[in-house]
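1. predicted model and sequence follow; I will ask about them next.
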Amino acid sequence: MLRVYGDAHSGNCFKVKLVLHQLDIAHAWTHVDILKKETRTPEFLAMNPTGQIPLLQLDDGVYLPESNAILNYLAQGSALLPSERLAHARVLQWMFFEQYLHEPSVASARYIVRYLGRPAEHEQLLQRKLADAKKALGIMEQHLASRAFFVAERYSIADIALYAYTHVAHEGEIDLAPFPAICSWIDRVRVQPHYVGMDG
């Protein structure tokens, strides 16, 4: 059986949880608390030298890190990952966008506010992250203004990757009200078959 090492309240880990549920893939989940530095133990570093979650352990004992790599692995051959060449590339395009422009701002703001308690010494950094988050969300808003989903008018792992931190952006003091297309898209994701929330 597949095993995931992660914390479902982490957006990157929640992505994996959501895909596993929506594809009805049997798995076991081992909770890892990064605040307690459980990813820095010798035992965890032996599994993933970068000391990051999520981490997927395959049936043969091989470990696969990086949330979006895990999504691609799990979604191969399913409706969540288009097989058509350009659509497949578009999914990857938005997943790269998520990791390089979206997650570093939206997730970082959430971490500073929710997990660190918005300490004064992080306020300047938080303001930079909030500004960057608005830019990333603006790109998403423009794209979704004329589309139901990110790629080929169908729900895919591109949506899952971007949904994970976007739907909890308020936990980072990010107001989604100015982004109505994103808000409508969030509602569409939540009604997909076999949807499960972070606490579900």
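-> All right, it came through fine. Numbers count the residues shown, from 1 in each chain.
2. give me the neighbour count for residue 151.
-> A total of 25 residues lie near residue 151 under the criterion other Cβ atoms under 10 Å. C-betas here are computed from N, CA, C, even on glycine.
3. again but with residue 30, I slipped
-> Residue 30: 12 surrounding residues under other Cβ under 10 Å.
4. ok but it is inside a strand, no?
-> Yes: according to DSSP: H, G, I helix; E, B strand; the rest coil, residue 30 belongs to a strand.
5. now the strands for the protein?
-> Along the chain, the segments classed as strands by DSSP state E run 2-6, 27-31, 55-57, 63-65.
6. just say which of those is most tucked in.
-> Using mean count of other Cβ atoms under 10 Å, the stretch among the strands of the chain with the largest mean neighbour count is strand 55-57, at a mean of 23.
7. out of the strands of the chain, flag the one nearest residue 49.
-> Of all these, it is strand 63-65 that lies closest to residue 49, at 8.9 Å by Cβ to Cβ.
8. paired strands for the closest one, with orientation please.
-> strand 55-57 (antiparallel) (DSSP bridges).
9. rewinding a little: can you redo the strands of the chain as JSON lines with distance to residue 167?
-> Below are the strands of the chain laid out as JSON lines (distance: least, Cβ to Cβ, whole Å):
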{"stretch": "strand 2-6", "distance to residue 167": "18"}
{"stretch": "strand 27-31", "distance to residue 167": "20"}
{"stretch": "strand 55-57", "distance to residue 167": "22"}
{"stretch": "strand 63-65", "distance to residue 167": "24"}
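10. distance to residue 86 and mean pLDDT added to those, as JSON lines?
-> Compiled in JSON lines, the strands of the chain are given as follows (distance: least, Cβ to Cβ, whole Å; pLDDT from 0 to 100):
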{"stretch": "strand 2-6", "distance to residue 86": "30", "mean pLDDT": "98"}
{"stretch": "strand 27-31", "distance to residue 86": "31", "mean pLDDT": "98"}
{"stretch": "strand 55-57", "distance to residue 86": "27", "mean pLDDT": "98"}
{"stretch": "strand 63-65", "distance to residue 86": "26", "mean pLDDT": "98"}
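11. can you pull out the helices in this structure?
-> In the chain, the helices defined using DSSP state H lie at 11-22, 42-47, 67-75, 85-97, 103-110, 123-144, 157-166, 180-190.
12. need the winner for burial among these.
-> helix 157-166 (a mean of 27).
13. still on that earlier bit, ok, which of the helices of the chain comes nearest residue 199?
-> Nearest to residue 199, of all the helices of the chain, is helix 11-22, at 10.0 Å by Cβ to Cβ.
14. contact partners of the closest one?
-> The contact list for helix 11-22, computed with Cβ atoms under 8 Å, 6 or more residues apart in numbering, reads 2, 4, 6-8, 25, 27, 29, 53-54, 56, 67-68, 70-71, 74-75, 80, 103, 107, 110, 157, 160-161, 163-165, 168, 192-196, 198.
15. tell me the angle of it relative to helix 67-75?
-> 10 degrees (axes from the mean of the first three to the mean of the last three Cα atoms, to 10 degrees).
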